[in-house]
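Engineer: Sequence first, then the predicted structure, then my questions.
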Amino acid sequence: MKEKQQGLLAVLTANTIFGLNIPVTKALMDTWMTPMGYTVIRMFFGVLIFWFIGLFLSKEKVDKKDFPIIFIGGLMGFIGTQFLFSQALQYTSPVTFSLLMALTPVVVLALSTIFFKEVVSAKKIIGILTSITGAVLIIVLGDSDGSESGYAFLGLLFSVLCVLCYAGYLVMTRKVSMKYQPVTIAKWMFLVSVLIAFPFSFSELDHQVIFSGESNLIAYSFLAFALLFSTTLAFFLMPYALKRLEASTVSIFMNLQPIIASIVAVVVGQDYFTWDKPFAILLVVIGVYLVTQNKSRRARNA
């Protein structure tokens, strides 16, 4: 029971951090940083912190055959996802982005079905259709933050690409992630990300308002939260929770992210409350629950 309580606390904390990081990143993109600048700074911080932590852990050798997957994972899961994440929040609201990102388990299922011939049950199909209905509602009604239609479309496009990129990363790196410790995976993927992104982002770092005299304590606090909590702490909490809880329980808690992001965004004035938002959240959460719950029950009965 104590192990389970620790797991619940870990997964609750991790998903609260991820949910809060969406409006935090939105605030940084609106005033203080560019998407590329924000992304490469997170990559640099990840390299430093995870290679430093690795010095105090037992060394784990990576097979040469796994490096191509790690290379692709660094491109898709770190550079691609993080850049698209910050790019999307330049043009759309935290509510819209978080709701579309909540579709990730559904997209993972679809990709697994295509590439690994995973069987799709009737319950999963209902879950997929329910989540898609929520996503369509978001897209049709559009942003409520007053963005121009062109910017709103860009926000939706980058959000969808972010979902596809992250889901693809999860599917491609699934076996490698199970084979090695989280720190081993993180330090190599962050290193790959920095080596690839740095040549294209070096000149970008001089144009970050957060590093100028115009910056303030609030801006630094937002960046510190993204680096210390979202990039570092939450990364350790999720594997910690997965070792102590069933996958279905962890999946259910992941649905807290759009709820937390939506509430915070409305409270701080980044978005507005309209009837479609809670309805869309409900559809997406129910759909994701049906998709993940069915899979986990089958695994337990096997």
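Structural biologist: The structure has been received and is ready for your questions.
Engineer: Test my guess that V120 contacts T113.
Structural biologist: Yes. Because the distance of 5.4 Å satisfies CB atoms under 8 Å, V120 is recorded as touching T113. In short, each C-beta sits where N, CA and C put it, glycine included.
Engineer: Show me where the stretch 151-300 of the chain has its helices.
Structural biologist: Applying DSSP state H, counting those that start in this stretch to the stretch 151-300 of the chain gives helices spanning 174-179, 182-201, 217-224, 234-242, 247-254, 256-267, 276-301.
Engineer: Of all those, which one comes closest to V24?
Structural biologist: helix 217-224 (5.0 Å; CB to CB).
Engineer: What is the burial count for L20?
Structural biologist: 20 (other CB atoms under 10 Å).
Engineer: Now do the stretch of helix or strand it belongs to: distance to the chain's middle.
Structural biologist: Element membership of L20, judged by DSSP states H and E, is helix 2-27. The chain centroid and the centroid of helix 2-27 are separated by 12 Å under CA atoms, centre = their mean, to the nearest Å.
Engineer: Need the CA coordinates for whichever helix or strand comes after that helix. CSV is fine.
Structural biologist: As assigned by DSSP H and E, the chain's next helix or strand after helix 2-27 is helix 35-54. Extracted C-alpha coordinates of helix 35-54, given in CSV (Å, rounded to 0.1, in the frame of the first residue of the first chain):
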residue,chain,number,x,y,z
PRO,A,35,10.5,28.6,-30.0
MET,A,36,14.0,27.6,-31.2
GLY,A,37,15.7,29.5,-28.4
TYR,A,38,13.5,27.8,-25.8
THR,A,39,14.0,24.4,-27.4
VAL,A,40,17.8,24.6,-27.6
ILE,A,41,18.1,25.9,-24.0
ARG,A,42,16.1,22.9,-22.8
MET,A,43,18.3,20.6,-24.8
PHE,A,44,21.5,22.1,-23.4
PHE,A,45,20.1,21.9,-19.8
GLY,A,46,19.1,18.3,-20.4
VAL,A,47,22.6,17.4,-21.6
LEU,A,48,24.2,18.9,-18.6
ILE,A,49,21.8,17.6,-15.9
PHE,A,50,21.5,14.0,-17.2
TRP,A,51,25.2,13.5,-17.9
PHE,A,52,25.9,14.9,-14.5
ILE,A,53,23.4,12.6,-12.9
GLY,A,54,24.9,9.7,-14.9
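Engineer: tell me which strands and helices the helix or strand following helix 35-54 is in contact with?
Structural biologist: Later in the chain than helix 35-54, the nearest helix or strand by DSSP H and E is helix 67-73. Contacts defined by 3 or more CB pairs under 8 Å, 6 or more residues apart in numbering; DSSP states H and E place helix 67-73 against helix 149-172, helix 174-179, helix 182-201.
Engineer: To K26, which of these lies closest?
Structural biologist: helix 149-172 (10.6 Å).
Engineer: Could I get the buried residue list for that closest one?
Structural biologist: Residues 152-156, 158-172 are the ones in helix 149-172 that count as buried (16 or more other CB atoms under 10 Å).
Engineer: what do you get for stretch 271-284?
Structural biologist: In stretch 271-284, counting by 16+ other CB under 10 Å, buried: 271, 277, 280-281, 283-284.
Engineer: from the residues you listed, which has minimum pLDDT?
Structural biologist: Within the buried residues of stretch 271-284, K277 has the lowest pLDDT, namely 74.
Engineer: State the distance from the residue lying closest to that one once chain neighbours are set aside to T104.
Structural biologist: Ranked by CB to CB, 6 or more residues apart in numbering and with sequence neighbours excluded, the top spatial neighbour of K277 is V95, at 5.7 Å. Separation of V95 from T104 (CB to CB, to the nearest Å): 16 Å.
Engineer: who has more neighbours, the two?
Structural biologist: Neighbour tally, V95 and T104, criterion other CB under 10 Å: the higher count belongs to V95, 30 against 19.
Engineer: The more buried one in helix, strand or coil?
Structural biologist: Put simply, V95 is helix when judged by DSSP: H, G, I helix; E, B strand; the rest coil.
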